[in-house]
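K.L.:
sequence-free structure coming up:
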């Protein structure tokens, strides 16, 4: 296992080396003017690979050119999910001059039901931005925000009308959106491949993180409920390109419970990344557009999962 873990780390490092080719002389990360919002994951990814100077240079550029007075980022259009990525990277790096204003904006987006919309003006709340922002809240000590998100996630799970589907949106007052109630209602269909498994994985991760903060066993009990739903999905649930969030959630759960099922699915995902990494260091999933943006975005995110999962697995050896 030690040798395998080292291979995970090295694959992540190659992904970061690939990304850094695109950092601009001014520290920014806009290599294509048609893609002005592609830098939200880089700080988190680069610091996980020990590339601190480059991450600081990127954040200097963010502060200088894209951070707006209310904590939003130019061109991100209030994208709560992406802003949470940027927040976490900046906060981990100690760049409070960026993380505090960004989180202030994020906190203002929480709906009355406790969830978060994907974009600030959206009429619906969604698991992806809700749970990821809930995790962000714990980094800055806003347990109140995180617990409201967790309550929303639990209600979401309990309201599911069909075991073969997981609907992951509600109205701002908390009413579940299904195919019968909302034309744009979305779900994970457990009978089909290539589903948005992150909509289950991030709530699981939030439950694990809240258990770490509060010590309450009830959050672990909820985490395993999300885990069981994820295990019941199609057989690519931990090999699809979108399975990284679920896999890190599983690794965290394993570190807390010694549940070997969680360890095994995390290893399965990392093994898949080793088998599918392109020679230059990026990734592009089957059916995805084979363009630099996809390779760069995946290499940023996958390095995070590879390094975080590696550390958790190594800690148990």
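P.N.:
Arrived safely. Note that the structure is predicted; figures quoted are calculated from it, not measured.

K.L.:
So which other helices or strands are in contact with the top helix by length along the chain?
P.N.:
Longest helix in the chain, counting residues (DSSP state H): helix 292-315. Counting contacts by 3 or more CB pairs under 8 Å, 6 or more residues apart in numbering; DSSP states H and E, helix 292-315 packs against helix 2-20, helix 42-48, helix 244-257, helix 260-276. For the C-beta atoms, the positions are set from N, CA and C on the backbone; glycine is no exception.

K.L.:
buried set for that helix?
P.N.:
292, 294-310, 312-313 (16 or more other CB atoms under 10 Å).

K.L.:
Could you do stretch 84-102 as well?
P.N.:
84-91, 93, 95, 98-99, 101-102.

K.L.:
Report how far apart the opening and closing residues of that stretch are.
P.N.:
8 Å (CA to CA, to the nearest Å).

K.L.:
do the same with stretch 251-267
P.N.:
One end of stretch 251-267 sits 9 Å from the other (CA to CA).

K.L.:
Could you do stretch 103-122 as well?
P.N.:
Terminal residues of stretch 103-122 are spaced 18 Å apart (CA to CA).

K.L.:
And the strands in the stretch 1-150 of the chain?
P.N.:
124-126 (DSSP state E, counting those that start in this stretch).

K.L.:
swap that for the stretch 151-300 of the chain, please
P.N.:
Going by DSSP E, counting those that start in this stretch, the stretch 151-300 of the chain shows strands at 165-167, 169-171, 187-189.

K.L.:
can you give me how far the first one is from the chain middle?
P.N.:
Right, the one you point to is strand 165-167. 19 Å (CA atoms, centre = their mean, to the nearest Å).

K.L.:
partners of it in the sheet?
P.N.:
Taking DSSP bridges as the criterion, strand 165-167 forms sheet pairs with strand 187-189 (antiparallel).

K.L.:
which parts of the strand it pairs with are buried?
P.N.:
By neighbour count, with 16+ other CB under 10 Å as the criterion, the buried positions of strand 187-189 are 187, 188.
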